[in-house]
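K.L.:
predicted coordinates and the sequence they were generated for:
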Protein chains: 4
Amino acid sequence: MTEDLHALQRRLAAFAASRRWQPYHTPKNLAAALSVEASELLEIFQWLTPEEAARVMEDPDSAHRVRDEVADVLAYLLQFCGGLGIDVLAALAAKIDRNELRFPVPEDGDRGSLTPNAD
Amino acid sequence: MTEDLHALQRRLAAFAASRRWQPYHTPKNLAAALSVEASELLEIFQWLTPEEAARVMEDPDSAHRVRDEVADVLAYLLQFCGGLGIDVLAALAAKIDRNELRFPVPEDGDRGSLTPNAD
Amino acid sequence: MTEDLHALQRRLAAFAASRRWQPYHTPKNLAAALSVEASELLEIFQWLTPEEAARVMEDPDSAHRVRDEVADVLAYLLQFCGGLGIDVLAALAAKIDRNELRFPVPEDGDRGSLTPNAD
Amino acid sequence: MTEDLHALQRRLAAFAASRRWQPYHTPKNLAAALSVEASELLEIFQWLTPEEAARVMEDPDSAHRVRDEVADVLAYLLQFCGGLGIDVLAALAAKIDRNELRFPVPEDGDRGSLTPNAD
């Protein structure tokens, strides 16, 4: 069974500490690294049609690459949050609560707002 | 107590479904949105010195903004993974396993490799 | 008539100097700011279909927003290059020269390589 | 002597046309590619101190890498603007004009606003 989020966060912290990477893992550097990894995930999709993109996991090589980039994004997100004392699950739960108020479920026939990050 | 990752992932899927946002939530669009949100997090830090960046949670407004962007990053990451059937915790556990082999703990006095995403 | 690239680069340098922004305009900060602005441009397109994206200049508001983000990307690129003494036009000319060798024009009926930044 | 911006823009258009890449070069894809390249530039700096970042052109390998990424950013920016009929130099000139009104030069002793993209 897979470890839960906090167990993985502890493994990442121990991994960086034993390799003496903490001086590099400042909040600013980790925010940059997170954005770089998110772009590497996007890079996989940049020339694909929507249809090709939907089939990206059917090819073992690209599936591995996607999983690898997704892991990097989560790794830097957890290290960023760990460094600043942010509970990322609580932050997301609070954000969904706020979005449920901001974006009421539309009446039938209404499409509603386009996106949750409209601001 | 905060919901766990998979409970939040289910809430996000229900939230999008009830607002009929699934047609927008293609893998390619979600990868783009994830990278945009990661950049919005970086934007908070872009002009700060490393010292100012380390104190970003001391100001309530910037602390709220950081939590909000962190939540957006995780939200799009979970929706991206949900759409493609990726278990993001398993992907991260596998990546840490690989990195433990790739980046052995250095002998005393050795700094080791700079970063876990050297490739 | 519009000023040329180097005239605009000089205006940007004078603008920052007269506002005492140079301490913020380090290469690392400008690289971060450039990537943030590029993401703001992408944000305009993130939920659009390819067809909607192709018509983005038909709406005056979104056309203004696109021009504004494009200007920000070029502004930070020129300030980044100015700070490091890079001639951005020479860099691009040299890159096109290299790509013409790397990606020969395909014979008729052959589609050729997918993208100029395949590595 | 280096070609000017519009000559390079024409070379890029001819390069893509002769390799039949235009179907991939939609505005949405080019905006994504631009943001990916800007992140590749940032990646060079992500673990560097501000001091190390300022010396990045002293090492021939990293200098080449920086010039290469800068060229990619400009290449995609010009192709994006070419596809949508945007005059990027006019867009930047207009943006500097607006910023000169928005950010008046501060009186002596006043630091002024932090950054030109405060909104």
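P.N.:
On my side now, so go ahead.
K.L.:
the longest helix along chain A vs helix B:60-84, what angle?
P.N.:
Longest helix of chain A, by residue count under DSSP state H: helix A:60-84. For helix A:60-84 against helix B:60-84, the angle by axes from the mean of the first three to the mean of the last three C-alpha atoms, to 10 degrees is 160 degrees.
K.L.:
so is the helix or strand just after helix A:60-84 next to chain B?
P.N.:
Per DSSP states H and E, the first helix or strand lying C-terminal to helix A:60-84 is helix A:88-102. Yes - using C-beta under 8 Å from any C-beta of the partner chain, helix A:88-102 reaches chain B at A:88, A:89, A:90, A:91, A:92, A:93, A:94, A:95, A:96, A:99, A:100. In short, each C-beta sits where N, CA and C put it, glycine included.
K.L.:
now helix A:88-102: average pLDDT?
P.N.:
Averaged across helix A:88-102, the pLDDT comes to 97.
K.L.:
just checking, what packs against it?
P.N.:
Packing partners of helix A:88-102 (3 or more C-beta pairs under 8 Å, 6 or more residues apart in numbering or on different chains; DSSP states H and E): helix A:60-84, helix B:5-18, helix B:60-84.
K.L.:
ok, now with 10 Å
P.N.:
Secondary-structure packing of helix A:88-102 (3 or more C-beta pairs under 10 Å, 6 or more residues apart in numbering or on different chains; DSSP states H and E): helix A:5-18, helix A:60-84, helix B:5-18, helix B:60-84.
K.L.:
could you dump those to JSON lines with mean pLDDT?
P.N.:
Shown next, in JSON lines, are the helices and strands packed on helix A:88-102 (pLDDT from 0 to 100):
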{"stretch": "helix A:5-18", "mean pLDDT": "96"}
{"stretch": "helix A:60-84", "mean pLDDT": "98"}
{"stretch": "helix B:5-18", "mean pLDDT": "96"}
{"stretch": "helix B:60-84", "mean pLDDT": "98"}
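K.L.:
chain D contacts on chain A?
P.N.:
For chain A, the residues in contact with chain D (C-beta under 10 Å from any C-beta of the partner chain) are A:21, A:23-26, A:28-49, A:76.
K.L.:
ok, of these, which come out buried?
P.N.:
With burial judged by 16 or more other C-beta atoms under 10 Å in any protein chain shown, the buried subset of the residues of chain A next to chain D is A:21, A:24-26, A:28-48, A:76.
K.L.:
make CSV out of the residues of helix A:88-102 next to chain B and add neighbour count.
P.N.:
Output for the residues of helix A:88-102 next to chain B, formatted as CSV (neighbours: other C-beta atoms under 10 Å in any protein chain shown):
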residue, neighbour count
A:88, 24
A:89, 21
A:90, 14
A:91, 22
A:92, 26
A:93, 17
A:94, 16
A:95, 22
A:96, 17
A:99, 19
A:100, 14
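K.L.:
spatially, which two of those are the most separated?
P.N.:
Spatial extent of the residues of helix A:88-102 next to chain B (C-beta to C-beta) is set by the pair A:88 and A:100 at 18.9 Å.
K.L.:
not counting residues beside it along the chain, what's closest to the residue in chain A that chain D sits nearest to?
P.N.:
With C-beta to the nearest C-beta as the measure, residue A:39 is the residue of chain A nearest to chain D, at 3.5 Å. Closest residue to residue A:39 apart from its sequence neighbours, by C-beta to C-beta, 6 or more residues apart in numbering or on different chains: residue D:39 at 3.5 Å.
K.L.:
tell me the contacts of the one you found?
P.N.:
Residues in contact with residue D:39 (C-beta atoms under 10 Å, 6 or more residues apart in numbering or on different chains) are A:32, A:35-40, A:42-43, B:35, B:38-39, B:42, C:31-32, C:34-35, C:38-39, D:46, D:69, D:73.
K.L.:
pLDDT at it, what is it?
P.N.:
On the pLDDT scale, residue D:39 gets 98.
K.L.:
I'd like the distance between it and residue C:31.
P.N.:
Look at residue D:39 and residue C:31: by C-beta to C-beta, to the nearest Å, they are 9 Å apart.
K.L.:
anything in contact with each of those two?
P.N.:
Shared contacts of residue D:39 and residue C:31 (C-beta under 10 Å, 6+ apart): A:32, D:46, D:69, D:73.
K.L.:
need the residues you listed in CSV (columns: distance to chain B).
P.N.:
Shown next, in CSV, are the shared contacts of residue D:39 and residue C:31 (distance: C-beta to the nearest C-beta, whole Å):
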residue, distance to chain B
A:32, 6
D:46, 8
D:69, 16
D:73, 14
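K.L.:
tell me which residues of stretch A:75-91 come out buried.
P.N.:
Buried-residue list, stretch A:75-91, by 16+ other C-beta under 10 Å: A:75-84, A:86, A:88-89, A:91.
K.L.:
once you drop chain neighbours, what's closest to residue A:31?
P.N.:
residue B:42 (4.6 Å).
K.L.:
what strand or helix carries the one you found?
P.N.:
For residue B:42, the host element (DSSP H and E) is helix B:27-45.
K.L.:
got the contact list for the residue nearest to residue A:31?
P.N.:
Contact analysis of residue B:42 by C-beta under 10 Å, 6+ apart lists A:28, A:30-36, A:38, B:69, C:32-33, C:35-36, C:39, D:39, D:42.
K.L.:
grab the nearest non-local neighbour of residue A:100.
P.N.:
Take residue A:100 and drop its neighbours on the chain: the residue closest to it by C-beta to C-beta, 6+ apart is residue B:15, 7.0 Å away.
K.L.:
what's near enough to touch that neighbour?
P.N.:
A:96, A:99, A:100, A:103, A:105, A:116, B:21, B:75, B:79.
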